[in-house]
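Peer 1: What would the 3D arrangement of this be:
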Amino acid sequence: MSAWPAPFHAQPLNTSIRVPGSKSLTNRFIVLAALGDQPSVIREPLVARDTVLMVRALEAMGTGFEFYDNALFVYPGPLRGASIHAGLAGTVMRFLPAVATLANGDVEIDGDVAARVRPMDPVVRAIEQLDVLIDHGTNAAGQATLPVTVHGTGSVLGGRIGIDASASSQFISAMLLAAPRMESGLELRHTAGQIPSTPHLDMTVDVLRGSGIEVFTFPRDAGPVRPGHPAVRWLVLPGIPDVGNVEVEPDLSNAGAFLAAAMVTGGFVEIQNWPRITKQPGDQLRTILAQMGASVAMMAGRLQVKGPEQIEPIDLDMHDVGELVPTVAAVATFATGTSAIRNIGQLRGHETDRLSAITTELERLGGKAWVEDDDLFIEPRPLHGATLQTYEDHRMATFAAIIGLRVEGVSVENIATTSKTLPQFPQMWQDMVAGAAVVRANTADLPVEGPEGTASSPDPAPDNGATA
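Peer 2: As a prediction, the model looks like this:
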């Protein structure tokens, strides 16, 4: 596959962008709709590799789906055994083993080659605590990995379990989403370390409550959760989720690359339909970019960012918003001094080791970045063109595109990996640089990257989840 020449545009941009729905919300709604007992409608869902993989996996397990007029219709059915492909999608490979405990039959889950090194141990150990038999791969450290096979019997008692989610909040979300259909619900306790990406846990709880499920959260085993006191224990009462008719918010993390374009060019970018209140981690870009010198305003549901003449360096703990680090790191590359992005060790277990990837690719450009413990430091230097690697990681692809706006001669290996969450990205980026007044994501007839970089249609036709 030839490298994609990243558009160079050192002059200020001026554009309005409309991004498609949130991947995190779309996949949570899909799972809960599949666990209901009546049809649901998910409007404006994200249509991308990760969400198509979720649809096809649950379809193979017995759920019916139709996509019509930018709405996904979900028809729950009895869950059965299946052989499914999770790609490199964390939500699919981690949520579905928990869902598979409720299936009547064996559910085999595997993914791309790179998926077999991503952390899976906590969700496997949680399932074992539920007295459900699960087979799994094992890495050199003795921890569970893909592939896994869950031997479902059609029901799970539930009860009390402990889980170490210090590597990813997805392990807790997985168990919480399946918990309502357990006979006695679930009491889940986080047992060690600091949980990363807690806004995603808040999102999971909100989606459960919005579907009629009672969820109680407790910090340090006493009293309700308060700001600054994250939950360490969750109690989910048994019930049947009712997603109903719901609309998915725009994906604010995907919007980050376009906001970064305003930063690095000193231009103006507006994101349409920015939610006034949201649990998405991407909402914190408003504060982060302002700290870096941007002028940020909300006007009639539109987030407007005006890039500064000089980008200010930051010293910021981003443990809770780790998915934003590649975007913020790209902006920090052009700051007036050294930036420190702290407490982000969990990025080593993302689609790739993002700490290593960011430092390697900046050095390839002639820049300087290094890691100390779990902190990333970026010292701005004059950069030159190069072909940047993406490591099959969509955030590294957009990281490279942001750099390319300011550095002539940057090309991006496998830009198609952006299909994981934003298949339209290359065209949207080119339209932005070309000066289109309004850049929109068209959800019709999107190519969706399949396993190992192949392409397939977003139509969720039955195929036992073997392809994306």
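Peer 1: Residues touching the host helix or strand of Pro326, excluding its own?
Peer 2: Using DSSP states H and E, the element containing Pro326 is helix 325-332. If you take Cβ atoms under 8 Å, 6 or more residues apart in numbering as the criterion, helix 325-332 is touched by 253, 256-257, 259-260, 263-264, 285, 288-289, 292, 311, 313-314, 316, 318, 339, 341, 344, 347, 354, 358, 362, 369, 376, 378, 380, 395-396, 398-399, 402-403. (Each C-beta comes from the backbone N, C-alpha and C, glycine too.)
Peer 1: again with stretch 425-438
Peer 2: By Cβ under 8 Å, 6+ apart, the list of residues contacting stretch 425-438 reads 4, 7, 9, 13-18, 254, 257-258, 261, 269, 397-398, 401, 405, 415, 418, 422, 439-441.
Peer 1: Filter those down to the buried ones.
Peer 2: Taking 16 or more other Cβ atoms under 10 Å as the criterion, what is buried in the contacts of stretch 425-438 is 4, 7, 9, 13, 15-18, 254, 257-258, 261, 269, 397-398, 401, 405, 415, 418, 422, 439, 441.
Peer 1: From His136, how far off is Leu422?
Peer 2: 31 Å (Cβ to Cβ, to the nearest Å).
Peer 1: For Phe399, give me its contacts.
Peer 2: Counted by Cβ under 8 Å, 6+ apart, Phe399 has contacts 326-327, 329-330, 358, 361, 388.
Peer 1: And those, which is closest to Val156?
Peer 2: Pro326 (37.2 Å; Cβ to Cβ).
Peer 1: if I look at the closest residue to Asp164 other than its chain neighbours, how far off is Thr26?
Peer 2: Nearest residue to Asp164, sequence neighbours excluded (Cβ to Cβ, 6 or more residues apart in numbering): Ala192, at 4.5 Å. For Ala192, the distance to Thr26 equals 30 Å [Cβ to Cβ].
Peer 1: thinking again about what came up before, return the subset of the contacts of helix 325-332 lying in helices.
Peer 2: Cross-referencing the contacts of helix 325-332 against helices under DSSP state H gives 253, 256-257, 259-260, 263-264, 285, 288-289, 354, 358, 362, 395-396, 398-399, 402-403.
Peer 1: Show me which of those residues are buried.
Peer 2: Buried among these by 16+ other Cβ under 10 Å: 253, 256-257, 259-260, 263-264, 285, 288-289, 354, 358, 362, 395-396, 398-399, 402-403.
Peer 1: who has more neighbours, Ala192 and Thr26?
Peer 2: Comparing Ala192 with Thr26 by other Cβ atoms under 10 Å, the one with more neighbours is Thr26, at 27 against 11.
Peer 1: Show the residue spans covered by the helices in the stretch 151-300 of the chain.
Peer 2: 170-178, 198-210, 252-265, 285-291 (DSSP state H, counting those that start in this stretch).
Peer 1: Which one of those helices lies nearest to Lys279?
Peer 2: Of the helices of the stretch 151-300 of the chain, nearest to Lys279 by Cβ to Cβ is helix 198-210, at 4.1 Å.
Peer 1: Which other helices and strands does that closest one contact?
Peer 2: Contact here means 3 or more Cβ pairs under 8 Å, 6 or more residues apart in numbering; DSSP states H and E; on that basis helix 198-210 packs against helix 23-34, helix 170-178, strand 215-218.
Peer 1: pLDDT of it, averaged?
Peer 2: The average pLDDT for helix 198-210 rounds to 95.
Peer 1: do the same with stretch 380-394
Peer 2: 96.
Peer 1: Span of it from start to end?
Peer 2: 23 Å (Cα to Cα, to the nearest Å).
Peer 1: what do you get for stretch 272-288?
Peer 2: End-to-end distance (Cα to Cα), stretch 272-288: 19 Å.
Peer 1: Show me what counts as buried in it.
Peer 2: Residues of stretch 272-288 classed as buried: 272, 274, 278-286, 288 (neighbour count, 16+ other Cβ under 10 Å).
Peer 1: Quick check: buried residues in the longest strand seen in the chain?
Peer 2: Across the chain, the longest stretch assigned as strand under DSSP state E is strand 144-153. Burial within strand 144-153, assessed by neighbour count using 16+ other Cβ under 10 Å, is assigned to 144-150, 152.
Peer 1: Please give the centre-to-centre distance between it and its chain.
Peer 2: How far strand 144-153 lies from its chain's middle: 22 Å, per Cα atoms, centre = their mean, to the nearest Å.
Peer 1: same deal with stretch 136-146?
Peer 2: That offset, for stretch 136-146, works out to 23 Å (Cα atoms, centre = their mean).
Peer 1: and if you look at stretch 15-28?
Peer 2: 11 Å.
Peer 1: same thing with stretch 121-141?
Peer 2: 23 Å.
Peer 1: Please work out which residues outside that stretch touch it.
Peer 2: 94, 97-98, 101, 116-117, 120, 143-153, 156-159, 161-165, 167-168, 171, 174-175, 182, 188.
Peer 1: buried ones in that stretch?
Peer 2: Within stretch 121-141, judged by 16+ other Cβ under 10 Å, the buried ones are 121-127, 130, 132, 134, 136.
Peer 1: Just the angle for the one helix or strand Val123 maps to relative to helix 170-178, thanks.
Peer 2: Using DSSP H and E, Val123 sits within helix 121-129. Computed with axes from the mean of the first three to the mean of the last three Cα atoms, to 10 degrees, the direction of helix 121-129 lies at 40 degrees from that of helix 170-178.
Peer 1: Between its first and last residues, what's the separation in stretch 24-43?
Peer 2: From its first residue to its last, stretch 24-43 covers 14 Å (Cα to Cα).
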